[in-house]
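>>> Turn this into a model:
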Amino acid sequence: MSDAFENVLGQPKVREFLRAAVAQDKVSHAYLFTGPAGSNKTTAAYAFAQAVLCPKGASGPRGGNCGACDACRRIMRRKHPDVRWFSPEGAGGYLVDQIRDIVADASFAPIQARRKVYILDRVDLLGVQAANAFLKTLEEPPEGVVMVLLGRTRESVLPTIVSRCQVVPFRSIPASEAAGIVVQNSGARPDQARMALAACDGSITRAVEFLRSNERLEFRKRVLEVMGCLRRADDWDVVGFASDLVVRVKAPLDVVRAEQEQELAENADFLAKSAIRQIEARNKRQLTAKTFESLRQLTAIARSWLRDVMAVCAETPDLVVNADARDAVLDAARASDEARAAAALACVGRCERALTYNVSPETCIDAMLFEVRDTLYGRAPFAEGASFRRG
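Numbers count the residues shown, from 1 in each chain. Next up is the predicted model:
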């Protein structure tokens with residue numbers, strides 16, 4: 001029987017370290033996972049949560065988790081009420097009130113398991129005031145609470161946070177090795193693996209899942225079609241493209257929402273009101289995270305297409321990743337140049353930053369498409385940040 005740690009692809013030292021911690025009953029109260037985007041920190045955090053919360057505990061394979069019980073299945077689907085995921089809610093990072101809510105939530109007893117696991121993403125965006133509200137709980141969390149913090153680098157996280165955690169470094173996985181791991185775990189061709197990694201910001205785990213999802217593959221196809229049509233699109237065309245992509249971004253939410261409602265209905269008779277409120281709050285966070293995941297995938301696909309245009313403009317067509325969109329890429333490259341393609345890439349970056357400022361997805365996608373079109377094909381001068389407004 002396999003365990004969830006086997007899904008922590010490309011990080012053999014991390015896998016063995018976390019397995020040993022569980023097997024030897026040496027689970028710390030707080031961990032800091034550090035590594036670049038795409039290094040599988042999130043997958044490792046959930047695998048660790050499975051190992052910590054699995055009823056079989058260290059009796060699982062190699063000190064891991066059984067992977068088959070109800071708790072393990074719920075955590076794998078990211079639906080367990082005692083595994084909480086948080087990401088920054090403010091424009092510049094975590095809000096003080098958000099951290100106070102996490103601290104208050106930690107004081108409640110687990111709903112189903114004997115422990116609770118809190119996963120906080122991007123703690124490099126945890127400022128001094130928010131960190132101060134968190135320090136006491138991080139140093140001495142309530143009994144049965146395990147904190148797993150995720151950050152890009154050790155140096156980017158406040159020293160007061162680092163000193164209270166056991167640091168687990170994740171290595172940067174070379175692109176060629178990442179593609180090989182995706183091929184091995186998905187059965188895809190190397191060119192398909194490179195395409196999926198580009199669509200998933202280099203995340204191996206998400207790339208494997210991406211290749212197994214017809215819905216995500218169709219989403220990518222549509223984004224590439226839109227990018228390829230921008231050269232000849234008028235303003236109304238662009239508005240229509242943006243509207244269509246917004247619908248496609250939100251489509252997965254209907255499925256997630258229906259599953260949440262069904263799960264809550266099945267358990268409502270057995271849960272206290274406070275537990276129901278906690279699950280509802282978790283469900284809301286999950287929907288928000290799913291929306292941002294789709295939006296990040298859209299911008300990642302757009303970036304990969306623009307990088308292909310840059311590669312052709314730079315006379316290195318062998319670097320094109322989206323081979324199935326090669327004709328459109330060649331057409332765009334003939335009408336543009338390397339500098340304008342780089343400027344268009346910057347437009348996508350501005351869109352991503354605007355999303356972190358809680359600008360509506362509709363506004364961001366609409367503005368991004370107009371700016372990419374006008375910048376790439378020289379239709380109009382672009383003033384940086386002109387189209388992105390906080391909502």
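
>>> name the helices or strands packed onto the helix or strand of the chain with the lowest mean pLDDT?
The weakest-scoring helix or strand in the chain, judged by mean pLDDT, DSSP states H and E, is helix 235-267 (a mean of 82). Applying 3 or more C-beta pairs under 8 Å, 6 or more residues apart in numbering; DSSP states H and E, we find helix 235-267 packed against helix 214-229, helix 273-313, helix 361-376. Bear in mind the C-beta positions are built from the backbone N, C-alpha and C, glycine included.

>>> Can you list the helices and strands that the longest one packs against?
This points to helix 273-313. strand 83-86, helix 190-199, helix 214-229, helix 235-267, helix 326-334, helix 338-356, helix 361-376.

>>> related to what we said a few turns ago, ranking the helices and strands packed on helix 235-267 by burial, who's on top?
Of the helices and strands packed on helix 235-267, the one with the most neighbours on average (mean count of other C-beta atoms under 10 Å) is helix 361-376, at a mean of 22.

>>> Restrict it to CA atoms and write it as PDB.
Taking Å, rounded to 0.1, in the frame of the first residue of the first chain, the C-alpha atoms of helix 361-376 are listed here in PDB:
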ATOM      1  CA  PRO A 361     -11.400  38.700 -12.000                       C
ATOM      2  CA  GLU A 362     -13.600  40.200 -14.700                       C
ATOM      3  CA  THR A 363     -11.700  43.500 -14.600                       C
ATOM      4  CA  CYS A 364      -8.300  41.800 -14.500                       C
ATOM      5  CA  ILE A 365      -8.900  39.500 -17.400                       C
ATOM      6  CA  ASP A 366     -10.500  42.200 -19.500                       C
ATOM      7  CA  ALA A 367      -7.700  44.600 -18.900                       C
ATOM      8  CA  MET A 368      -5.000  42.000 -19.400                       C
ATOM      9  CA  LEU A 369      -6.300  41.000 -22.900                       C
ATOM     10  CA  PHE A 370      -6.600  44.600 -24.000                       C
ATOM     11  CA  GLU A 371      -3.100  45.400 -22.800                       C
ATOM     12  CA  VAL A 372      -1.500  42.300 -24.200                       C
ATOM     13  CA  ARG A 373      -3.100  43.000 -27.600                       C
ATOM     14  CA  ASP A 374      -2.100  46.700 -27.700                       C
ATOM     15  CA  THR A 375       1.400  46.100 -26.400                       C
ATOM     16  CA  LEU A 376       2.200  43.100 -28.500                       C
END
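
>>> re earlier: can you list the helices and strands packed on helix 273-313 in a markdown table and add distance to residue 169?
Below are the helices and strands packed on helix 273-313 laid out as a markdown table (distance: least, C-beta to C-beta, whole Å):
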| stretch | distance to residue 169 |
| --- | --- |
| strand 83-86 | 21 |
| helix 190-199 | 22 |
| helix 214-229 | 30 |
| helix 235-267 | 32 |
| helix 326-334 | 37 |
| helix 338-356 | 25 |
| helix 361-376 | 33 |
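
>>> Looking at those, which is nearest to residue 113?
Across the helices and strands packed on helix 273-313, residue 113 has its closest neighbour in strand 83-86 (8.4 Å, C-beta to C-beta).

>>> In its sheet, which strands sit next to that closest one, and in what direction?
Within its sheet, strand 83-86 is paired with strand 116-120 (parallel), according to DSSP bridges.

>>> how about the following helix or strand past the partner strand: buried residues?
Downstream of strand 116-120, the first helix or strand assigned by DSSP states H and E is helix 128-132. Across helix 128-132, burial judged by 16 or more other C-beta atoms under 10 Å covers 130-131.

>>> Residue 207 touches residue 201, doesn't it?
No: the criterion here is C-beta atoms under 8 Å, and residue 207 misses it with residue 201 at 9.2 Å.

>>> Looking at these two, which is more packed in?
Between residue 207 and residue 201, residue 207 has the larger neighbour count (other C-beta atoms under 10 Å), namely 29 against 16.

>>> Leaving out sequence neighbours, find the closest residue to the more buried one.
In space, residue 207 comes closest to residue 196 once its chain neighbours are excluded; the distance is 3.9 Å by C-beta to C-beta, 6 or more residues apart in numbering.

>>> Please report how far the one you found lies from residue 313.
24 Å (C-beta to C-beta, to the nearest Å).

>>> With residue 104 instead?
Relative to residue 313, and taking C-beta to C-beta, residue 104 is found at 54 Å.

>>> can you check residue 332 too?
In this view, residue 332 and residue 313 are 9 Å apart by C-beta to C-beta.

>>> And for residue 180?
29 Å.

>>> cool, and residue 224?
18 Å.

>>> can you check residue 19 too?
In terms of C-beta to C-beta, residue 19 sits 47 Å off from residue 313.
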